[in-house]
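[1] Give me the fold of what follows.
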Amino acid sequence: MAMASKIRIFLIGKNMKIKDLAQMLGYSGNNLSNKLRDDNFSEKELRKIAELLDCDFDATFTLRDTGKVI
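    Predicted structure coming up:
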């Protein structure tokens, strides 16, 4: 599942709109909408969004052949 989809799910769960999160991030609503459309977030942005939505963000790599998480 794309990060943008996950963010949208969290927003729905928190009863928030995109413009609410955009304001919290200091972005324009259009800027955040474009980032969601393109699924274009830096790790720093994802960590900030997680902090604002009161959840954890863990970036990992998982080897496909063994399932080992790095």
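[2] quick one, helices of this structure?
    3-13, 18-25, 29-38, 43-52 (DSSP state H).
[3] so of these, which one's packed in deepest?
    Across the helices of the chain, the average number of neighbours (mean count of other C-beta atoms under 10 Å) peaks for helix 18-25, which reaches a mean of 16. To be clear about C-beta, it is placed using only N, CA and C from the backbone, and glycine gets the same treatment.
[4] Next, the angle from that helix to helix 29-38.
    Using axes from the mean of the first three to the mean of the last three C-alpha atoms, to 10 degrees, one finds that helix 18-25 and helix 29-38 are set 110 degrees apart in direction.
[5] by contact count, what packs against helix 18-25?
    helix 3-13, helix 29-38, helix 43-52 (3 or more C-beta pairs under 8 Å, 6 or more residues apart in numbering; DSSP states H and E).
[6] and the first one, how far out from the chain's middle?
    This points to helix 3-13. The chain centre lies 7 Å from the centre of helix 3-13; the measure is C-alpha atoms, centre = their mean, to the nearest Å.
[7] next one: the last one
    Between the mean C-alpha point of helix 43-52 and the mean C-alpha point of its chain there is a distance of 7 Å (C-alpha atoms, centre = their mean).
[8] Show me what that helix is packed up against.
    Other elements packing on helix 43-52 under the criterion 3+ C-beta pairs under 8 Å, 6+ apart are helix 18-25.
[9] rewinding a little: turn the helices of the chain into CSV, columns for mean pLDDT and distance to residue 61.
    Formatted as CSV, those follow (pLDDT from 0 to 100; distance: least, C-beta to C-beta, whole Å):
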stretch, mean pLDDT, distance to residue 61
helix 3-13, 91, 15
helix 18-25, 95, 26
helix 29-38, 93, 22
helix 43-52, 94, 13
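[10] out of the ones you listed, nearest to residue 67?
    helix 3-13 (21.1 Å; C-beta to C-beta).
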